[in-house]
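Engineer: Any chance you can model this:
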Amino acid sequence: MAGVPVVVEVIMLVARGGELAYRAVRRPLAVDDEPDSVARAAWDLPPDTTDGLLHSTSWRHESGRVILTYVALPDPDPSARHAAVAGWVARGENGMEPSPDVELAEVAAHAARHLAFLEHTDDEVAKALAPHPAIRRLLTRYAPAMAGQVADSDEPDGL
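Structural biologist: Alright, predicted model coming up:
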């Protein structure tokens, strides 16, 4: 019996014109493949790159497939076409329906929010982000506020 196909998606972040932008690549996951290895291969960094970050951020069901999403930086092709990361994160209808229909820019926003949180809670992620100050600065726009904190006026709506 065959299962649901899985696709590995890698969202690569860049700082462009004072905004956070992304491009995504996808690769199918074969039965014997390990998702991190497929993501690393799809990311296609030059072998001598030492200052990167690859992190699994989410999954979703889309068109009969499970999409396993990773966020990565740097983008090995920063001159490629990138789209703006959304200024909000998609939300489900209610607590019993957690899977909204999403646009890829919203998936990128979720990944940015994930990294913004991990920069403060995971030393390895903070260390990996350090060589990328422009992206780090832009990620602060996606940092979720803790309960009781007043949101910064520069924070995108809906985060």
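
Engineer: on contacts alone, who are the packing partners of the longest helix along the chain?
Structural biologist: Using DSSP state H, we find that the single longest helix of the chain is helix 104-121. In terms of contacts (3 or more CB pairs under 8 Å, 6 or more residues apart in numbering; DSSP states H and E), helix 104-121 is packed against strand 6-16, strand 19-29, strand 53-62, strand 65-73, strand 83-84, helix 123-129, helix 133-139. For every residue, glycine as well, the C-beta is placed using N, CA and C.

Engineer: Kindly recompute the last result at 7 Å.
Structural biologist: Helices and strands touching helix 104-121, by 3 or more CB pairs under 7 Å, 6 or more residues apart in numbering; DSSP states H and E, are strand 6-16, strand 19-29, strand 53-62, strand 65-73, helix 123-129, helix 133-139.

Engineer: As a markdown table, the ones you listed with distance to Ala112 would be great.
Structural biologist: Supplementary listing: those in a markdown table, determined by distance: least, CB to CB, whole Å:
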| stretch | distance to Ala112 |
| --- | --- |
| strand 6-16 | 7 |
| strand 19-29 | 6 |
| strand 53-62 | 9 |
| strand 65-73 | 8 |
| helix 123-129 | 11 |
| helix 133-139 | 6 |
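
Engineer: and the most centrally placed residue in the chain, what pLDDT?
Structural biologist: Centroid-nearest residue in the chain: Ala111, 2.9 Å away (criterion: CA atoms, centre = their mean). Ala111 carries a pLDDT score of 96 in this model.

Engineer: Just give the nearest non-adjacent residue to it, would you?
Structural biologist: Val71 (3.8 Å; CB to CB, 6 or more residues apart in numbering).

Engineer: Look up the residues forming beta bridges with that neighbour.
Structural biologist: Ile11, His55 (DSSP bridges).

Engineer: wait, isn't Tyr70 in contact with Val38?
Structural biologist: No. Applying CB atoms under 7 Å as the test, Tyr70 and Val38 come out as separate, 9.3 Å apart.
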